[in-house]
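> Structure for the following, please:
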Amino acid sequence: MRFAPPVSYHLIPLLWAILAAAMASARAEAPRVVTATPALVGLVKVLAVGEDELRDSLRLPARVDLDQQRVARIGATVTGRISEVRAYLGQQVHKGEVLALLNSTELGLAQSAYLKAGSQVNLRRLAVQRAQRLLQSDVIAAAELQEREGMLTEAEVDQHAAEDQLRVLGMSEQDLQRLARERKIHSYSPVGASLDGVVIERNVTLGQVVQPSDSLYTVADLSRVWLVAEVPEQQAQWAHTGDEAEAEIPALPGQNVHGKLIYVADLVNPETRTITVRMDVPNPLRFLKPQMLATLLIRKPGRRSLVLPDSAVIREDDLDHVFVESSPRRFELRQVRLGDGEGGLQPILDGVSAGERVVVEGAFHLNNERLRKELE
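Numbers count the residues shown, from 1 in each chain. This next block holds a predicted model:
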């Protein structure tokens with residue numbers, strides 16, 4: 001019994017190279033026309049090439065953010081100690097509603113100064129009236145009347161200053177009228193909501209001492225939110241205020257939202273080399289939560305072009321091909337040049353003409369049949 005001599009191991013790479021070259025040559029010489037077998041006919045779907053509208057789009061990572069025009073950060077107008085907390089995280093509040101109460105010594109002192117100034121005005125006014133009667137009786141000189149009128153003016157200035165101070169400390173006109181009428185110091189200051197919305201942040205506890213610079217509550221109207229994205233500066237020409245946009249929210253599948261860009265930054269962020277854009281989105285049911293991740297699609301006006309679905313394209317040797325029906329059951333593999341696709345459609349720049357019938361389903365099976373025949 002005779003055996004074939006063993007192949008030297010150093011020849012194996014050479015054999016592989018020869019085999020690869022042969023396969024590449026076979027592929028290059030493979031037939032461009034294939035006849036579909038009866039079994040393949042049922043797998044192949046052919047359509048005439050036609051025009052459709054394609055719209056270029058730019059996809060950007062984005063996030064849901066608060067509409068900053070619908071957010072209020074609420075603090076105390078005076079230094080004091082929190083004596084009552086009425087609003088909690090997630091609570092729906094209305095404009096003017098009291099969120100917390102604080103007891104303020106500063107407010108009490110300011111009210112006391114206002115009442116004292118009012119008393120001085122009343123006394124000086126009576127003094128002026130008395131001086132006017134005495135002047136008419138030639139008991140005093142006109143200079144004394146003028147002096148008392150000057151003192152009245154000074155007292156009125158002090159009263160107006162004390163009244164303005166109380167307004168700065170948060171007292172309303174009704175509060176001032178009540179104070180002037182009842183003349184009783186009320187050192188409790190309310191912390192009120194400045195808009196309708198939801199409490200999304202609370203930084204206050206019972207007994208806490210707060211300053212006017214402290215942010216105690218944040219209230220936001222979530223009926224509208226923003227979609228915020230960053231456009232690379234190389235693609236800045238894509239974004240213009242008023243452009244149509246669409247957002248995909250992974251947390252809400254199948255609930256894409258539509259709108260327009262309401263803001264395009266005029267400056268490039270020097271750290272990220274991007275331009276901030278925003279889209280305004282209605283959120284009546286509050287499904288969109290701030291800081292949710294999203295994908296923002298900025299769309300351009302559509303253009304008419306010959307198109308084919310992605311399933312019609314065969315990629316081979318870094319080139320795009322399609323099967324064109326030359327006669328019943330006979331298909332020709334033809335090279336085409338494609339543009340940038342959108343929504344599962346590929347624009348045809350060259351290779352086929354309008355009206356030609358192209359395989360849109362089953363092209364993969366036809367190509368396998370073509371290669372199989374060549375191998376046989």
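
> for the chain, which spans come out with low pLDDT?
Scanning the chain for pLDDT under 70 picks out the ranges 1-31, 53-56, 301-303, 341-343, 376.

> Can you classify A180 as helix, strand or coil?
helix (DSSP: H, G, I helix; E, B strand; the rest coil).

> The spatially closest residue to it that is not a sequence neighbour: what secondary structure?
Excluding the flanking residues, the one nearest A180 by CB to CB, 6 or more residues apart in numbering is G118, at 6.6 Å. C-betas here are computed from N, CA, C, even on glycine. G118 falls in the helix class when you classify it by three-state DSSP.

> Look up how far V359 lies from G118.
Separation of G118 from V359 (CB to CB, to the nearest Å) stands at 95 Å.

> Let's verify L195: helix, strand, or coil?
coil.

> coming back round to it: what number of residues lie near the residue nearest to A180?
19 (other CB atoms under 10 Å).

> Settle this for me: it is touching H160, isn't it.
No - judged on CB atoms under 8 Å, G118 makes no contact with H160 at a distance of 10.6 Å.

> what is in contact with the two at once?
With contacts defined as CB atoms under 8 Å, 6 or more residues apart in numbering, no residue is shared by G118 and H160.

> A162: what's its closest spatial neighbour, skipping adjacent residues?
Nearest one to A162, counting by CB to CB, 6+ apart, is Y114 at 3.9 Å.

> does the one you found sit in a helix, a strand or a coil?
Y114 is classified as helix under three-state DSSP.

> how near is it to V64?
47 Å.

> So for these two, which sits in the more crowded spot?
Y114 (25 against 21).

> my read: that one touches D164, true?
No - judged on CB under 8 Å, Y114 makes no contact with D164 at a distance of 9.7 Å.

> The residue nearest to A162 and D317: what is the separation?
Taken as CB to CB, the span from Y114 to D317 is 90 Å.

> Kindly report the same for I298.
For I298, the distance to D317 - CB to CB - is 35 Å.

> which of the two has more neighbours?
Set I298 next to D317 and count neighbours by other CB under 10 Å: I298 wins out with 22 against 9.

> Return the set of residues that bridge with the more buried one.
Under DSSP bridges, the beta-bridge partners of I298 are L58, A245.

> Now do the contacts for it.
Contacts of I298 (CB under 8 Å, 6+ apart): S57, L58, L60, V231, W238, A239, D243, E244, A245, L261, V277.

> Which of the residues you listed sits closest to Y217?
Among the contacts of I298, V277 lies closest to Y217 (CB to CB), at 30.1 Å.

> Tell me what that closest one is bridged to.
As assigned using DSSP bridges, the partners bridged with V277 are A229, V264.

> With the one 5 residues further on instead?
Applying DSSP bridges to P282 yields these beta-bridge partners: R224.

> roughly how far apart are it and L134?
Taken as CB to CB, the span from P282 to L134 is 74 Å.

> Then Y188?
46 Å.

> what do you get for T77?
T77 is 46 Å from L134, by CB to CB.

> the more surrounded of these two?
Taking other CB under 10 Å, T77 and L134 do not tie; T77 has more neighbours (18 against 14).

> what sits against the residue nearest to the more buried one when sequence neighbours are not counted?
Closest residue to T77 apart from its sequence neighbours, by CB to CB, 6+ apart: G170 at 3.3 Å. By CB under 8 Å, 6+ apart, the contact set of G170 is A76, T77, V78, L107, S189, P190.
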